[in-house]
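[1] Quick one, fold the following:
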Amino acid sequence: MKRDGGISDGGISDRRTSNAVTSGARMLTVVGVVYAIGCAGAASGPTVPGDGGPVADDTVTPNRDSGIEPPSPEAASGLAYDDRGLSRTDIGAGATDAAETRQCNEALAGRGALEIDCAETGCENIASCCVGRGDCCGDGTNLAPPSLAGFSGCGTDVLGCLGDTTGAVFGSPSPTITADGTFAPGGNGDFDSGLVLDPAVDLRSTRLELTAHFVVPSDCGPGCLEGAAVSVSTQDVFDSTTHVDMLAGLVMSGSRNEVALVVAGREVEHWPVATAAAWRLRLTPDGLVQVIGDTTTLLTSPVGYVPAGAARIVLSGHDLNPAPDHRVAGLSSLDIAATRCDIPTGWGARESFVLREHGGGGTIDPPVSALSLVVDDSGVWHAALVIDNQLFLAQRPGTIPSELTLTGALDNPVFDPEPGNVLGSPAFYASPENTSPIVLMPVATADGTFLMRASVTTPTITSADFTTLLAPDTEIAAYDSVTLARVNATHVAMIVRRTQRDGSIDYGVYDASSDVTSLMELPGLHLNDALAASAAPGFDADEVAGLALVGQDHAWQLYYARRQGARWSIGLLVSDDLVYFRHAADGDSVLLSDGSARESVGVRGPSVVFDDERVTLIYIGLDGSVSWPRFTTRRATSEAVWLR
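    The predicted structure is shown next:
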């Protein structure tokens, strides 16, 4: 087993290169570059570089310069450079620009706020307030079935009237189309009949609106059970003995001349059918239900609605003892509108990575204590893994999301530390400006935790030239959780957790060069306030470790691992400019253990990729003895507008 350098006697011993980091009062040396950070408002103690952490860069496209411009070294607070904050493309009514972000920051600073308050005047429309909201969403493809504009002119065959929509009829008597173009659901006194549409809708990330024009039956007396409904349902079987199990729906009753809202099979509210001609049911992924009659909002409330991962739209009803020669209950049209929202708790199924030997051989099952993933410009996924305290690299073969193949043999690690030294969580960083991804590695020694840096010169690298990027000093003992994400062609945003010699912990935010060889700490920021114990109602942590920064939909999202007792989970902070932050789930975790054996003690070590309106969260599952590399995904918007 070869050794590519290690740390001993208080410094880095490497046979190729060695860089010393000299820390004086607000002096910074990074790979031979010296900055004087002599501003009155700067954080106390030496300013130190960092780059990396358990994060995969989100590979923001070159025309999306969505990040911080370098602040003036003389800036005394974050407000001095707000106007150089995130650079966004104007996307309409919900878009925020630097001026709006500055206005929000000034309002927060004026009352001494420590976190973003979306209810603050001037903050209502900033991009970070979109996260977790069902009224700030964007377009997406194939989110729901197309609308059913009408049923006339297509005969009596229901399926023949669907056009581009696909679906299946169910029940007996089966649904039909009447001569006047009404969808008559059929059914009888015991069971429902109707039409179920495809595809299913992921209500955890989709805002769905169903606008129905009900046809009220004529001469429907007290004994008449005619009715029609439009709803969403997660049930699997629709047949001749179906009772539609409504997750949420509107039900028109002919005998009562009412339209009722049903949620989770329970009637919540009802209104006279004459209230409106068009009845709209709006379901948001943050759990709100709205009923709108024509243009009047009749109800806005959670009412027990729980968004589901895969729900189908159902047109249904029943028909018992109708009067002869009368107009039947049904629908004349159904408009379906769906938009995608960014809901950070809407994760899908979870999977474990399968590791394969170098050369695509058999599967291996080594203990992986940490990993980071990055996607290069060609779409290839690369991973850095710590196995038995050694660093290895891997690639995802083709488009198989759950497989990683090592680029070298298990007896040939990319980095093998000196005896007694311990590797932390590695990080990959890739951008269009760097021909080679950058690997970053914390290494713990008896004298503290150093941060190492190397460039990966080829995708199949089996060794790397690591150099010391930053070293502990008399005040700082360790640089142990670090993350970075692309800002633009010349700047990288970087956040590092620093452990002081007295045991206290703080978090620094830096503006780094594109190759992450020089940086400047940004003063006057509120990340430490956001991670304080009383920062948000649901936030409580004995430890925060493992950071993953990603630029998404014109805002920053910072995932972090937190420990409560012995259990780990993953939370999320959001920010427009890395000055103020907000807990996206009121401080609650956005990813908890799923209860499986591989996550019995929790989840930690987040690494994030945002690509093609999909967030992939790579993490470590903990079972108390073995660490499991795992991942999950959710859909999210890349261009949202406010839909209030």
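[2] Going by C-alpha atoms from here, please, whenever you check contacts or count neighbours.
    Noted.
[3] For Pro145, give me the pLDDT.
    You'll see Pro145 listed with a pLDDT of 88.
[4] For it, list the residues it contacts.
    Pro145 makes contact with Thr165, Thr166, Leu197, Asp198, Pro199, Ile336 under the criterion CA atoms under 8 Å, 6 or more residues apart in numbering.
[5] Let me know how buried Ser513 is, in neighbour terms.
    For Ser513, the neighbour count with other CA atoms under 10 Å is 20.
[6] Use 56 as the first number from now on
    Renumbered: residue one is now 56, and that last one reads Ser568.
[7] Look at it and report its pLDDT.
    Ser568 is assigned a predicted lDDT (pLDDT) of 88.
[8] State which helix of this structure is the longest.
    helix 153-165 (DSSP state H).
[9] Report the buried residues of it.
    Ala153, Glu155, Thr156, Arg157, Gln158, Cys159, Asn160, Glu161, Ala162, Leu163 (16 or more other CA atoms under 10 Å).
[10] ok, then the element right after that helix?
    As assigned by DSSP states H and E, the chain's next helix or strand after helix 153-165 is strand 191-193.
[11] buried set for the following helix or strand past that following strand?
    Later in the chain than strand 191-193, the nearest helix or strand by DSSP H and E is strand 221-225. Residues Thr221, Gly222, Val224, Phe225 are the ones in strand 221-225 that count as buried (16+ other CA under 10 Å).
[12] mind putting the residues you listed in CSV, distance to Leu410 and pLDDT included?
    Putting the buried residues of strand 221-225 into CSV (distance: CA to CA, whole Å; pLDDT from 0 to 100) gives the following:
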residue, distance to Leu410, pLDDT
Thr221, 39, 87
Gly222, 40, 90
Val224, 45, 93
Phe225, 45, 94
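[13] Now for the chain, the helix or strand with the poorest mean pLDDT.
    Every helix and strand of the chain was ranked by mean pLDDT, DSSP states H and E. The lowest is strand 88-91, at a mean of 26.
[14] So which residue is smack in the middle of this protein?
    Residue closest to the mean C-alpha point of the chain, counted by CA atoms, centre = their mean, is Pro399 at 4.4 Å.
[15] you'd agree that residue is up against Gly189?
    No. Taking contacts as CA atoms under 8 Å, Pro399 lies outside contact range of Gly189: 11.6 Å.
[16] For the residue nearest to the centre of the chain, report the pLDDT, please.
    Pro399 is given a pLDDT of 94.
[17] Ala585 versus that one, what's the distance?
    Distance of Pro399 to Ala585, computed by CA to CA, to the nearest Å: 18 Å.
[18] ditto for Pro527
    25 Å.
[19] Comparing these two, which residue is more hemmed in?
    Pro527 (25 against 21).
[20] and the more buried one, what pLDDT?
    94.
[21] likewise Ser480?
    pLDDT recorded at Ser480 is 91.
[22] For the closest residue to His325 other than its chain neighbours, what is the enclosing helix or strand?
    Spatial nearest neighbour of His325, chain neighbours left out: Ala315 (4.0 Å); criterion: CA to CA, 6 or more residues apart in numbering. In the assignment (DSSP H and E), Ala315 maps to strand 313-318.
[23] and what of Leu633?
    Going by DSSP H and E, Leu633 is not part of any helix or strand.
[24] pretty sure it contacts Leu580?
    Yes. At 7.0 Å, Leu633 and Leu580 qualify as touching, with contact defined as CA under 8 Å.
[25] tell me, what's touching those two both at once?
    Common contacts of Leu633 and Leu580, defined by CA under 8 Å, 6+ apart, comprise Val564.
[26] helix, strand or coil for the closest residue to Pro661 other than its chain neighbours?
    In this structure, Pro661 finds its nearest non-sequential neighbour in Tyr674, 4.6 Å apart by CA to CA, 6+ apart. The three-state label for Tyr674, taken from DSSP: H, G, I helix; E, B strand; the rest coil, comes out as strand.
[27] For Tyr674, list each beta-bridge partner.
    Tyr674 has these beta-bridge partners by DSSP bridges: Arg685.
[28] and if you look at Ala548?
    Judged by DSSP bridges, the bridge partners of Ala548 are Ala540, Asp566.
[29] number of nearby residues for it?
    Neighbourhood size, Ala548 [other CA under 10 Å]: 29.
[30] tell me the domain ranges of this protein?
    61-118+128-182+401-688, 214-396 (automatic domain parsing).
[31] Surely Val511 is in contact with Asn489?
    No. Using CA under 8 Å, Val511 is not in contact with Asn489; the gap is 10.1 Å.
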